[in-house]
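Trainee: Just the structure for this:
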Amino acid sequence: MSAREIQLKLELKKVQQLYRKMQADQQALQKQLKEFKTQAGNFSDVVEQVLPSLVSIYVMDWDTEEEISSGSGFFVSPDIIVTNYHVVEDIADQDYFYEEDEIEQVLVETHDGKLRLAEVVFTGNAEEDLALLLISDFTFDQNTGEQVDSPQEYPPLELSFDVKVGDRVIAVGNPLGQFASTVTQGIVSAIREPEEYEEGDDEDDVAEVKVLQTDAAINPGNSGGPLINMAGQVVGVNTWGLEDADSINLAIASEALDDFLAGFEETFEENSQN
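Mentor: Purely as a prediction, here's the structure:
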């Protein structure tokens, strides 16, 4: 569906509803940061440092204008956002590279209070659980619902591959109204390489990518957001937590994200030459 067709689908009432939700989310985040600063001291400075690079993602059914799913993401370049594949799996196939006649789009809320469209341009699979979005150059006017040209580049976060068991980390994502906690702190509990599995385990269950285990709670509000170190660098992409186990939460290691980005560049170059 084209941006124009989506604009016609997004009635003013829906746009205003989304903007009201965004404002409530921002207020919730500020309250949470205030509480976090009281509890964690200068950790909140690290969170505030990365916030301009974070987004909330809304996957929409454009026919009904209903929200299908939502999650977080962050910029890895001025116009490319990374998130979890499971955030967009309802509209995009796994191992997908975009084609001009098969573009799937989502709504993205940026930290500056803008509502933009973004195209799903590259996906992994359920194991890799990564996806890339290309953000548009226009926003939706809160008062009219109309498309407004507003080119904007957002600061990408830096990746760090230097992570050790015991390192202190923070899981962070833009707030989503239905979820209470989106900023949590903890340590790296374990680092699991792709080939690691317990003796007797089914080999089909072996993770395809390097993952970090952390006791920083990862909930639906920060799934797809960054797991950051105390320098504000990304050491992982928050993925999920075990519902029936305390303090077992997983993030895809930044090395795997770096490989994923390289795969996107390689695929893009190959398709450009065809």
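
Trainee: hey, let's count contacts and neighbours off CA atoms from now on
Mentor: Will do.

Trainee: hang on, residue 191 packs against residue 211?
Mentor: Yes: between residue 191 and residue 211 there is a contact under CA atoms under 8 Å: 6.1 Å.

Trainee: which of those two has more neighbours?
Mentor: residue 211 (26 against 18; other CA atoms under 10 Å).

Trainee: any idea which element the residue lying closest to the more buried one once chain neighbours are set aside lies in?
Mentor: Using CA to CA, 6 or more residues apart in numbering and skipping residues adjacent in sequence, the residue nearest residue 211 is residue 252, 4.5 Å away. If you go by DSSP states H and E, residue 252 is part of strand 249-253.

Trainee: Please name every helix or strand in contact with that strand.
Mentor: Here strand 249-253 touches strand 211-214, strand 234-241, going by 3 or more CA pairs under 8 Å, 6 or more residues apart in numbering; DSSP states H and E.

Trainee: out of those strands, deepest packed?
Mentor: strand 234-241 (a mean of 27; mean count of other CA atoms under 10 Å).

Trainee: Three-state assignment for the residue most central in space within the chain, please.
Mentor: Centroid check for the chain by CA atoms, centre = their mean gives residue 73 as the closest residue, at 1.9 Å. Using DSSP: H, G, I helix; E, B strand; the rest coil, the structure places residue 73 in strand.

Trainee: show me the contacts for it.
Mentor: Residues near residue 73 by CA atoms under 8 Å, 6 or more residues apart in numbering: 54, 55, 56, 57, 81, 82, 83, 84, 173, 224, 225, 226.

Trainee: can these go into CSV with extra columns for distance to residue 152?
Mentor: Formatted as CSV, these follow (distance: CA to CA, whole Å):
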residue, distance to residue 152
54, 14
55, 14
56, 17
57, 17
81, 13
82, 17
83, 19
84, 23
173, 21
224, 22
225, 20
226, 21
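
Trainee: Just send the residues you listed back as TSV, with secondary structure too.
Mentor: What follows is the contacts of residue 73, written out as TSV (three-state DSSP):
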residue	secondary structure
54	strand
55	strand
56	strand
57	strand
81	strand
82	strand
83	strand
84	coil
173	coil
224	coil
225	coil
226	strand
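
Trainee: Highest neighbour count among the residues you listed?
Mentor: residue 224 leads the contacts of residue 73 on contacts (other CA under 10 Å) with 38 neighbours.

Trainee: I'd say that one and residue 75 touch.
Mentor: No: here residue 224 does not reach residue 75: they are 11.2 Å apart, not a contact under CA under 8 Å.

Trainee: what residues are shared contacts of those two?
Mentor: residue 82.

Trainee: before we move on, back to that, lowest-confidence one in the contacts of residue 73?
Mentor: Across the contacts of residue 73, the smallest pLDDT goes to residue 173, namely 80.

Trainee: which sections of the stretch 51-200 of the chain are below the confidence cut-off?
Mentor: 101, 174-181, 195-200 (pLDDT under 70).

Trainee: can you give me the strands in the protein?
Mentor: For the chain, the strands defined by DSSP state E cover 54-61, 66-77, 80-83, 104-110, 115-123, 131-140, 147-149, 168-172, 183-192, 211-214, 226-228, 234-241, 249-253.

Trainee: ok, residue 97 touching residue 131?
Mentor: No: between residue 97 and residue 131 there is no contact under CA under 8 Å: 10.0 Å.

Trainee: higher neighbour count, the two?
Mentor: Per other CA under 10 Å, whichever of residue 97 and residue 131 has more neighbours is residue 131, with 30 against 19.

Trainee: May I have the residues that are in contact with the more buried one?
Mentor: Residue 131 neighbours (CA under 8 Å, 6+ apart): 82, 83, 84, 85, 88, 120, 121, 122, 123, 124.

Trainee: returning to what we had before: which stretch in the helices and strands packed on strand 249-253 has the least confidence?
Mentor: Minimum mean pLDDT among those: strand 234-241, a mean of 89.
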